[in-house]
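>>> Here is my input; please provide its structure:
(2 chains)
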Amino acid sequence: MLALAFFSWWYGSGWKLVSKKTLQTLDNVLKSFSVSLLIKTLFMPWRRIITYPGSGIAAHLQAIVDNTVSRFIGFLVRIFVLLAALVVVVCLALVGFLQLVIWPLLPIAAMVCLIMGFFQ
Amino acid sequence: MSSTVIDIGSLRARKARLGKRVGKLTALILFMLTIVLLAVGIALIVVDNNHNGYFLLALAIICFMFASWATWDLQLLPIEPGSVNGQLSYDVLARLNKKATNPKAVWQQLNQHWQAYFITNHLYISPQDIELVLDDKPESLQVAMDKAADYAAVNHHAQIELGFVVAGIMASSNALTDLLVRSKHDPKDIDAITAWLSRIIDSSTKKHQNFGGIGRDWAFGFTTFLNHFAANISLSIMNHGANYGWLTTAPDVIAIENALANNSGAVVVVGPPGIGKTSRIYALAQRMIEGKANPKLAYHQVLKLDVSTILSNAKRQGDIENIFNRIMIEAVTAGHVILFLDDAELFLNQGVGSLDAGAILQPVLQNRSAQFIMTLTPQDYQRLRTNHPNLANLLTPIIINELPHEDIMNILEDTTNGMEYRYKCLITYDAIKTAYRLSGRYDTEEAYPGKAIKLLEQSITFGKEHVISSRSVEEAIEKSRGVKVSAATQAEADTLLNLEAKIHERMINQDEAVKAVSAALRRARAGIANPKRPIGSFLFLGPTGVGKTELAKAIAAVYFGSETNIVRLDMSEYQQESDVTRLLDTGSNLNASFLMTIRQQPFSVVLLDEVEKAHPSILNLLLQLLDEGQLTDVAGRSASFKDAVVIATSNAGANAIREQIATGGNLEAFKDTLTEQLIKANTFKPELLNRFDEVVLFRSLNRDELAQVVRLLVKEVNTNLSGQNVSVELSDAAIAKIVDIGTDERFGARPMRRALQRGVEDTIAQKILKGEIGPGSHVLLNDADINL
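Numbers count the residues shown, from 1 in each chain, chains lettered A, B, ... in the order given. Now for the predicted structure:
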């Protein structure tokens, strides 16, 4: 009875749970890397460090250069973090996919291993 | 619902029992073993092509599968809706065996769980006592389980938790209800404690919060300077955790959020002290940091400015303005800062410990370049509107009103969790209810829930063996307010029952007055009196020198602990209408005011001498005092007279009383006639006389009674002389002489004390100074010795 309950869970709710946990992990990674926030603010100045234009063309040009540098630094930091997030997400998605594929095969794999142990 | 009886043989029950046998630790060990077996197995196969490697791999897979099943199925036990059995939690099913067929047996198997302890501990009743009264009839279990299912439904739980089953068993037992009533508990407390437990279960199973991740602050500016002068509430909540529970969704918190999101530069949260203004801002900070707030405010941070740090860093003239300006600039530049000015009057007023920053704030508020939240009491907000109308107009006011009783109790319960953890104690549910009740009665300056929380915290020091009971709360209020709220001790009960005799030890005759006052005090102490009015209110009518004031003093000494527990007002000093302001003065100018004195010593005799001389407006206030048991000062703060005995004295009708006695009339029967006369003469309004619990007539004392007064006064002289070990005694003739000299038609026995001073005390003083008497001397004075 309990053995039947085990297999019914393994191929039912258990399998669903694995896919749910994989999606949850991916969601947590996206949140931990602030992916949506970083995309929204990709070209914003770094930590709002900006130069307000003073009077005269030189001051204006200086402000444009300073602010471009600030935006570029912001872009660099964010793009690196986004790339890191992408790598982690891809890896975890792959692991999750493998987990989903391997999960139903595990009971069979256990039996195969036992048989191979006996007959090797 | 198919069945409500617990099916121990069901698959869910068997899975739960197996899950318990495996245990959480074993499952964890199995997971770790999986990794080890996997590694060793693969190594054996790859390196040595050893067939044992396959066995280890098979074992690793089996370990993993079993550990996964135990962790995610057996020990979580998903709900199967549709029946009580399918809704019972893992904790319940894992603990029950086949004997669980009646309430008593189920109780025995569940009462060691923390949820059961939570309920029994907060009711302060032992599980063993409960077990003794529970019945063992199988049909009673059906009723208990139905009740448990009700608790789950009422508290919005899909699962029937162990605590609900325990509460169901308790609430459905009539014998237990009787036991609770006998031990002065309200059986409905089970429902309240179960709801409280339900909230704790909810918060412990709460999912991980989203605080924005690694890049949260990169879109916003630095706040290095600002951080020096402000506490970052949002980060504190994020790092240390906070759970403001339902307050995060409270309508007024949403109103503050909406005001800020809708481009209001500043919000002022207005409410009396203790109502939870600051808690609401913390709740808002929690919403924002969790990304639950309006998207315009997502990940904004609330920084609470500390006025004392700003002031302590201002060394020279103009430093305050410079610091404040830099703070404003940084807040504007950062873009995600909401500055929180708690008790904002400190930032807006001039004076010691204050910072008059109105002029700096106004342009920032006008430009809406930074966002602010301020908190103010209604009085301070009114002052702001009067003194800085332009600044006040830039603020969006959110008025916080007191919550309903049920919500306040929820907050008190949730606060109790933290207190129990911090002080390592147990706070019983009775203590929480008592704190609510007594703080409501005795703390008129603060609002709920603050005042009840404060009282609970004060009660911690009065706990016995780490248990804070209703008695601890009563002790705390008795010590801080000087009132009596707990049940009378045996000694006190004896005093109360013999109050007339105790008073008569220092008071001659006036039996009717003594009896009336004693009865009022007994009623109050037994809890029968109306708690919304003074303990007793009396109008003493009679000639001068018959003991009206003396009776008030005797009550203060015998019942209120000391003669100093009298708050005395000479009403002849309140004859003008303008005196109303003086009577209702706050006492804030360091002068002791009437209402401030009452706030400090509410457990007193309030003696209103010569009440008939007061201005009618003052007498109208007296109506309110007698009716509602409170007066409100000019600043709007009330003072309670609900623990005071109010005694008004008057000489009005003294001549009529004398004539009545002279003609041998019955004074008691004459009372109604006299009050009629006083009303007709416009001395008192009928509504005032009707407000008093009793109008008591004092009669003049006869010679025998006056002689007794002299003996009492001699006793006082002997008490004063006891330090020198000298005693004095008066012969009957000497007493008669003192009575002759000390009695006056107009002033009654009042000149008696002066006569005794001159006749006895002066004589004794001379003898002591001449060395005629010394320690151990006993002096007998005859009439010839009394020189006046």
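
>>> can we go C-alpha only for contacts and neighbour counts from here?
Fine.

>>> correct me, but residue B:516 touches residue B:694?
Yes. With contact taken as CA atoms under 8 Å, residue B:516 and residue B:694 are classed as touching, separated by 7.4 Å.

>>> neighbouring contacts of stretch B:410-423?
B:196, B:425-427, B:432, B:449, B:452-453, B:457, B:460 (CA atoms under 8 Å, 6 or more residues apart in numbering or on different chains).

>>> what helix or strand does the residue nearest the centre of chain A sit in?
For chain A, the residue sitting closest to the mean C-alpha position, by CA atoms, centre = their mean, is residue A:89 at 3.0 Å. Using DSSP states H and E, residue A:89 sits in helix A:57-102.

>>> residue contacts, residue B:386?
Counting by CA under 8 Å, 6+ apart, residue B:386 touches no other residue.

>>> Give me the pLDDT value at it.
Reading off the per-residue confidence, residue B:386 sits at a pLDDT of 91.

>>> Shouldn't it be within a helix?
Yes. If the criterion is DSSP: H, G, I helix; E, B strand; the rest coil, then residue B:386 is within a helix.

>>> Tell me how far it lies from residue B:120.
Here residue B:386 is placed at a distance of 54 Å from residue B:120 (CA to CA, to the nearest Å).

>>> Ok, residue B:52 next?
In this structure, residue B:52 and residue B:120 are 55 Å apart, going by CA to CA.

>>> coming back round to it: quick one, what contacts the residue nearest to the centre of chain A?
Under the contact definition (CA under 8 Å, 6+ apart), the residues listed for residue A:89 are A:26, A:29-30.

>>> Restricted to strands, list those residues.
Using DSSP state E, the subset of the contacts of residue A:89 located in strands is empty.

>>> just the residues you listed that are near chain B?
Here nothing survives when those are matched to chain B using CA under 8 Å from any CA of the partner chain.

>>> Serialize these to CSV and add fields for distance to residue B:730, pLDDT and neighbour count.
Converted to CSV, the contacts of residue A:89 look like this (distance: CA to CA, whole Å; pLDDT from 0 to 100; neighbours: other CA atoms under 10 Å in any protein chain shown):
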residue, distance to residue B:730, pLDDT, neighbour count
A:26, 102, 96, 19
A:29, 99, 94, 18
A:30, 100, 94, 19
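
>>> contacting residues for residue B:538?
If you count contacts by CA under 8 Å, 6+ apart, residue B:538 has them with B:517, B:646-648, B:692-696.

>>> in what helix or strand does it lie?
Counting by DSSP H and E, residue B:538 is part of strand B:536-541.

>>> Please name every helix or strand in contact with the helix or strand following that strand.
Using DSSP H and E, the helix or strand that follows strand B:536-541 in sequence is helix B:548-558. Other elements packing on helix B:548-558 under the criterion 3 or more CA pairs under 8 Å, 6 or more residues apart in numbering or on different chains; DSSP states H and E are helix B:499-504, strand B:566-570, strand B:605-609, strand B:645-650.

>>> Strand B:536-541 and helix B:548-558, what's the angle between them?
What separates the directions of helix B:548-558 and strand B:536-541 is an angle of 150 degrees, with axes from the mean of the first three to the mean of the last three CA atoms, to 10 degrees.

>>> thinking again about what came up before, what's the closest of the helices and strands packed on helix B:548-558 to chain A?
Distance to chain A, taken as CA to the nearest CA, is lowest for strand B:566-570 among the helices and strands packed on helix B:548-558, at 64.8 Å.

>>> re earlier: next helix or strand past the helix holding residue A:89?
The C-terminal neighbour of helix A:57-102 among helices and strands, as given by DSSP H and E, is helix A:106-119.

>>> how far is that following helix from where the chain is centred?
Here helix A:106-119 shows a centroid-to-chain-centroid distance of 35 Å under the convention CA atoms, centre = their mean, to the nearest Å.

>>> Which secondary structure elements does that helix sit against?
Contact analysis of helix A:106-119 by 3+ CA pairs under 8 Å, 6+ apart lists helix B:52-69 as its packing neighbours.

>>> before we move on, the earlier item: mind listing what the strand holding residue B:538 pairs with, with the direction of each?
Applying DSSP bridges to the sheet, strand B:536-541 is found paired with strand B:645-650 (parallel), strand B:694-697 (parallel).

>>> Name the residues of the helix or strand where residue B:679 lies that come out as buried.
Of the helices and strands defined by DSSP H and E, residue B:679 is found in helix B:667-680. Judged by neighbour count using 16 or more other CA atoms under 10 Å in any protein chain shown, the buried positions of helix B:667-680 are B:667, B:671, B:674-675, B:678.

>>> Repeat that for stretch B:221-232.
B:221-223, B:226, B:229-232.

>>> again with stretch A:10-29
Using 16+ other CA under 10 Å as the burial criterion, the residues of stretch A:10-29 that qualify are A:10, A:14-15, A:17-18, A:22, A:25-26, A:28-29.

>>> do the same with stretch B:572-586
Buried positions in stretch B:572-586, judged by neighbour count with 16+ other CA under 10 Å: B:574-575, B:579-580, B:583-586.

>>> For it, measure first residue to last.
Between the opening and closing residues of stretch B:572-586 lies a distance of 21 Å (CA to CA).

>>> So, low pLDDT: which residues of the chain?
No chain in the question, so chain A it is. Scanning chain A with the threshold set as pLDDT under 70 gives no residue ranges.

>>> look at chain B instead
Scanning chain B for pLDDT under 70 picks out the ranges B:1-4, B:206-210, B:350-354, B:588-591, B:745-746, B:788.

>>> Quick one: name the residues of it near chain A.
Counting by CA under 8 Å from any CA, chain B sits next to chain A at B:11, B:15, B:51-55, B:57-59, B:61-62, B:65, B:69, B:72-73, B:210, B:212-222, B:333-334.

>>> Now list the buried members of those residues.
With neighbours counted using 16+ other CA under 10 Å, the residues of chain B next to chain A contain these buried positions: B:15, B:51-55, B:57-59, B:61-62, B:65, B:69, B:72-73, B:212-213, B:215-222, B:333-334.

>>> follow-up on the earlier one: tell me the angle the helix holding residue A:89 makes with helix A:106-119.
Computed by the same axes, to 10 degrees, the angle between helix A:57-102 and helix A:106-119 is 60 degrees.
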